[in-house]
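> sharing a model prediction with you, sequence too.
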Amino acid sequence: MTESHTQQAQTGKALQVPFFRPSISEAEIEAVSACLRSGWLTTGPRTKEFEAGFAEAVGGKHALAVNSCTAALHLAVEALGLKPGQAVLVPTMTFAATAEIVRYQGAVPLLVDCAPVTLNMDLADAARKIADLRAGRTPLDPSLQVVGIIPVHVGGLMLDMDALLAFAQEHGLWVVEDAAHAFPAAYRSSPEKPWRRCGENTAAVTCFSFYANKTMTTGEGGMAVTDDEQLASRMRQMSLHGLSHDAWKRYSGNNAWDYRIVAAGYKYNMTDVAASLGICQLRRAESMRCDREVIAREYRRAFADLEQIELPPEPADRGHSWHLFPIRLNLDKLSIDRNQFIEEIRSRGVGCSVHWRPLHLHPYYEETFKWRPEQLPVASEQWTRIVSLPLFPGMTIEEREYVVRVIQETCGRAKK
């Protein structure tokens, strides 16, 4: 028992381990302070520097910094021309944004089940859902035209994007990648093939998140990456009120005051304050990923013999970002359910979360589109087993040991 554990036993107080704590160094604080002192706070030179650095980091040609991953996803589908009467394949196992940006355009998300091991989108079910839609076997209008697909890399474990792109080509679909969890991440389809980074021309547009609890942060923020110059141009224009491209020159400080509105755009631009934070976080991104990987492997070793837990996969052909560490409870070996398990570990000071309640089990999708659990059976069952454990850079040895001990003891007490 460590000294801290001895102290806990003496005082009766448990550690408080948050689900997430951002890793902010003095370099980030100094960079933001310098931006504030510069007098230039909104989109400007630091945003441009951040865009260039991020594009290089992922191997993309064009990067657009915006105020959220949701904004990046919305700009992507708008630039691709998504409109009413069309449908997009969206995993049911995802956060709200992946599907809601389809609704922003008046189109319809065609929900797809997840693969039982990875929780990523199941391409076999995607093919079934297209066939079922056309045959009138889904709750959606069979006249909808399926035009795109939005994969999500759950927890930072990438899909085989070669397989997904082949699927998209077979069905005539564009691809927008929801990579909110997947920086930095990579994959290869076989040992003979080179590694390919997420964002390295892996989709028409790849969209990243820099929310406070993501693998790197700008507080709030996102990035759209593409190799297509026309898509990049349209997204940049629409990210700032649909202003003419010449209007961006106003941000250099001494250019003409006049501008032209050429489309009904949005207010999605990133500030230089946020970009200052992002520039520093980007330099540390791989180091922070390695820190998360160390913790993930400690968890895997510690829980390897617990029959009450199924661990997340770590295939050799994936460079995992380890944004999340989602365990799945083997409920047939426990005397409590997932919700009771969460209550138990939270009562002992261990923060956790669930990723996610599938979209088809939310009232909006149940009531608007009439999705039912039996139409997406894998996600309907798997989500009742999921618990995401704390995993973040800067997590102390004391905190890691405590999380392990609480999970082991909870499983032991609740063993059938």
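Happy to help now that I have it.
> buried residues, stretch 260-273. List them.
Residues of stretch 260-273 classed as buried by neighbour count (16 or more other CB atoms under 10 Å): Gly265, Tyr266, Tyr268, Asn269, Met270, Thr271, Asp272, Val273. C-beta coordinates here come from the backbone N, C-alpha and C atoms, glycine included.
> which residues are in contact with it?
32, 35-36, 38, 40-47, 50, 65-68, 71, 74-75, 218, 221, 237-244, 246-247, 278 (CB atoms under 8 Å, 6 or more residues apart in numbering).
> now find how far off-centre that stretch is within its chain.
When C-alpha coordinates are averaged (CA atoms, centre = their mean, to the nearest Å), stretch 260-273 and its chain have centres 23 Å apart.
> that stretch: end-to-end distance?
End-to-end distance for stretch 260-273, by CA to CA, to the nearest Å: 26 Å.
> please state the backbone phi and psi of Val175?
Main-chain dihedrals, Val175, degrees, to the nearest 10: phi -120, psi 130.
> give me the neighbour count for it.
Val175 has 22 neighbouring residues, counting by other CB atoms under 10 Å.
> please apply the same query to Cys280.
When neighbours are counted by other CB under 10 Å, Cys280 registers 21.
> one more: Arg346?
A count of nearby residues for Arg346, using other CB under 10 Å, gives 13.
> same deal with Glu398?
15.
> and the contacts of the helix or strand harbouring it?
Per DSSP states H and E, Glu398 falls inside helix 397-413. Helix 397-413 has contacts (CB under 8 Å, 6+ apart) with 2, 4-5, 14-15, 17, 295, 298-299, 302-303, 306, 308-309, 327, 334, 341, 344-345, 348-350, 389-390.
> coming back round to it: now the buried members of the contacts of stretch 260-273.
Using 16+ other CB under 10 Å, the buried ones in these are 32, 35, 40, 43-44, 46-47, 50, 65-68, 71, 74-75, 218, 221, 237-243, 247, 278.
> just the ones in strands from these, please.
Ala65, Val66 (DSSP state E).
> from the buried ones among the contacts of stretch 260-273, which land in helices?
Residues of these located in helices (DSSP state H): Val32, Cys35, Arg46, Thr47, Phe50, Ala71, His74, Leu75, Gln237, Met238, Gly278.
> just those now: which is nearest Arg318?
The closest of those to Arg318 turns out to be Gly278 (CB to CB; 25.0 Å).
> that closest one: what's it in contact with?
Phe50, Phe54, Ala65, Phe210, Met216, Thr217, Thr218, Gly221, Met270.
> now render the residues you listed as TSV, adding distance to Ala115 and pLDDT.
Listed next are these as TSV, based on distance: CB to CB, whole Å; pLDDT from 0 to 100:
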residue	distance to Ala115	pLDDT
Phe50	34	98
Phe54	29	99
Ala65	32	98
Phe210	27	98
Met216	27	98
Thr217	29	98
Thr218	31	98
Gly221	30	98
Met270	34	97
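> out of these, which comes closest to Ser380?
Among those, Phe210 lies closest to Ser380 (CB to CB), at 31.4 Å.
> surely the closest one touches His181?
No - counting by CB atoms under 8 Å, Phe210 does not reach His181; the two are 11.9 Å apart.
> where in the protein is pLDDT low?
Counting by pLDDT under 70, the chain shows low-confidence ranges at 1-13, 245-257.
> grab the most central residue of it for me.
Ala180 (2.5 Å; CA atoms, centre = their mean).
> give me phi/psi at that residue?
Taking degrees, to the nearest 10, you get phi -60, psi -30 for the backbone angles of Ala180.
> quick one: residues contacting it.
Applying CB under 8 Å, 6+ apart, we find Ala180 in contact with Cys69, Phe95, Ala97, Val152, Cys207, Phe208, Ser209, Tyr211, Lys214.
> isn't Ala224 up against Ser209?
No - in this structure Ala224 lies outside contact range of Ser209 using CB under 8 Å: 11.1 Å.
> any idea where the helices of the stretch 201-350 of the chain begin and end?
229-238, 272-283, 285-303, 338-347 (DSSP state H, counting those that start in this stretch).
> out of those, which is the most enclosed?
Scoring the helices of the stretch 201-350 of the chain by mean neighbour count under mean count of other CB atoms under 10 Å gives helix 272-283 as the most buried, with a mean of 24.
> quick one: that helix to chain centroid distance?
Worked out by CA atoms, centre = their mean, helix 272-283 lies 19 Å from the chain centre.
> and the two most separated of the buried residues of stretch 260-273?
Most distant of those, by CB to CB, are Gly265 and Val273, 21.9 Å apart.
> so what's the residue count around Glu381?
Using other CB under 10 Å, Glu381 has 12 neighbouring residues.
> typo on my end, it should be Arg37
Look at Arg37: counted by other CB under 10 Å, it has 8 neighbours.
> tell me which element it is part of?
Assigning secondary structure by DSSP H and E places Arg37 in helix 26-38.
> quick check: beta-bridge partners of the nearest residue to Arg236 once chain neighbours are set aside?
In space, Arg236 comes closest to Leu64 once its chain neighbours are excluded; the distance is 5.4 Å by CB to CB, 6 or more residues apart in numbering. Judged by DSSP bridges, the bridge partners of Leu64 are Ala224.
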